[in-house]
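*Asks:* Return a 3D structure for these sequence lines:
(chains A and B)
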Amino acid sequence: DQQVKQNSPSLSVQEGRISILNCDYTNSMFDYFLWYKKYPAEGPTFLISISSIKDKNEDGRFTVFLNKSAKHLSLHIVPSQPGDSAVYFCAASGLGFGNEKLTFGTGTRLTIIP
Amino acid sequence: EAQVTQNPRYLITVTGKKLTVTCSQNMNHEYMSWYRQDPGLGLRQIYYSMNVEVTDKGDVPEGYKVSRKEKRNFPLILESPSPNQTSLYFCASSVGVVEKLFFGSGTQLSVL
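*Replies:* Got it, this is the predicted structure:
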């Protein structure tokens, strides 16, 4: 049972344009969401997070949007740069009900075309 | 330098031969966890630990053991490895579970 889903395994975007990566979740008890970025032969690195009390969080070129009613979050990267080519994982946690586990999605491979 | 160190980086072994993958962090983090990454399945949590002597199962704990005798170390033990445990393994640590995780560089394990 995949509680966190990234339905697009891959995405290609022209350099300078906007990249939009999507993530859906099924567990309504999730209340904290994170995005991680992973380059080949390296461990994932934290990118940005959002609490369920917010619907948007920005950090430079990266913005995460949360739609609780749709159980959907998205990561926007503007403008996209070649160094953004990586695999992106969304993750969710539900501390609100005492669950200390972090559940990851299956990942989306983003390729930025120069 | 703040880091999570896991060893070895690559490991090839045979079915049934016990092995340990070590993980150490130098950030005094309370929370540590192990994940495996498989194609099409993303990152799946094996075990996690909220503090010394406190461990709990993640989503795929079968066939694995962990221990947390010291705050900085969180080894992953495969008592009797099987081919379905061939995977890329990551150790991670953080101040708390909702804080950003710091990951090690990964251990590529092949069980023949």
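
*Asks:* Report the contact partners of the residue of chain B found nearest chain A.
*Replies:* Closest residue of chain B to chain A, CB to the nearest CB: B:F103 (3.0 Å). C-beta here means a position set from N, CA and C on the backbone, and glycine is covered the same way. Taking CB atoms under 8 Å, 6 or more residues apart in numbering or on different chains, we find B:F103 in contact with A:43-45, B:4, B:90-92.

*Asks:* what's around the spatially closest residue to it that is not a sequence neighbour, how many residues?
*Replies:* Leaving out its chain neighbours, the residue that sits closest to B:F103 by CB to CB, 6 or more residues apart in numbering or on different chains is A:G43, at 3.0 Å. A:G43 is flanked by 22 other residues according to other CB atoms under 10 Å in any protein chain shown.

*Asks:* and A:G43, what does it touch?
*Replies:* By CB under 8 Å, 6+ apart, the contact set of A:G43 is B:4, B:90, B:92, B:103-106.

*Asks:* Which secondary structure element is home to whatever residue of chain A ends up closest to chain B?
*Replies:* The nearest approach of chain A to chain B comes at A:G43, 3.0 Å away (CB to the nearest CB). Here A:G43 is covered by no helix or strand, with elements defined by DSSP states H and E.

*Asks:* Repeat that for A:H76.
*Replies:* Assigned by DSSP H and E, A:H76 belongs to strand A:72-77.

*Asks:* mind checking how far the longest strand that chain A contains is from the chain centre?
*Replies:* When chain A is parsed with DSSP state E, its longest strand is strand A:86-94. Relative to the chain's own centre, strand A:86-94 is displaced by 5 Å; criterion: CA atoms, centre = their mean, to the nearest Å.

*Asks:* what residues does it touch?
*Replies:* By CB under 8 Å, 6+ apart, the residues outside strand A:86-94 that reach it are A:3-4, A:6, A:21, A:23, A:25, A:27, A:29-39, A:44, A:47, A:73, A:75, A:99-110, B:42-43, B:97-98.

*Asks:* make it 6 Å
*Replies:* Residues from elsewhere that reach strand A:86-94 (CB atoms under 6 Å, 6 or more residues apart in numbering or on different chains): A:4, A:21, A:23, A:25, A:29-39, A:102-105, A:107-110, B:97-98.

*Asks:* ok, for B:N28, nearest residue in space, not its chain neighbours?
*Replies:* Nearest to B:N28 is B:K71, by CB to CB, 6+ apart, at 6.8 Å.

*Asks:* the strands in chain B, which residues?
*Replies:* Counting by DSSP E, the strands of chain B are B:4-7, B:10-13, B:19-25, B:31-38, B:42-51, B:54-57, B:65-66, B:76-78, B:87-94, B:102-103, B:107-111.

*Asks:* Pass me the low-pLDDT residue ranges in chain A, would you?
*Replies:* Residue ranges of chain A with pLDDT under 70: A:1, A:95-100.
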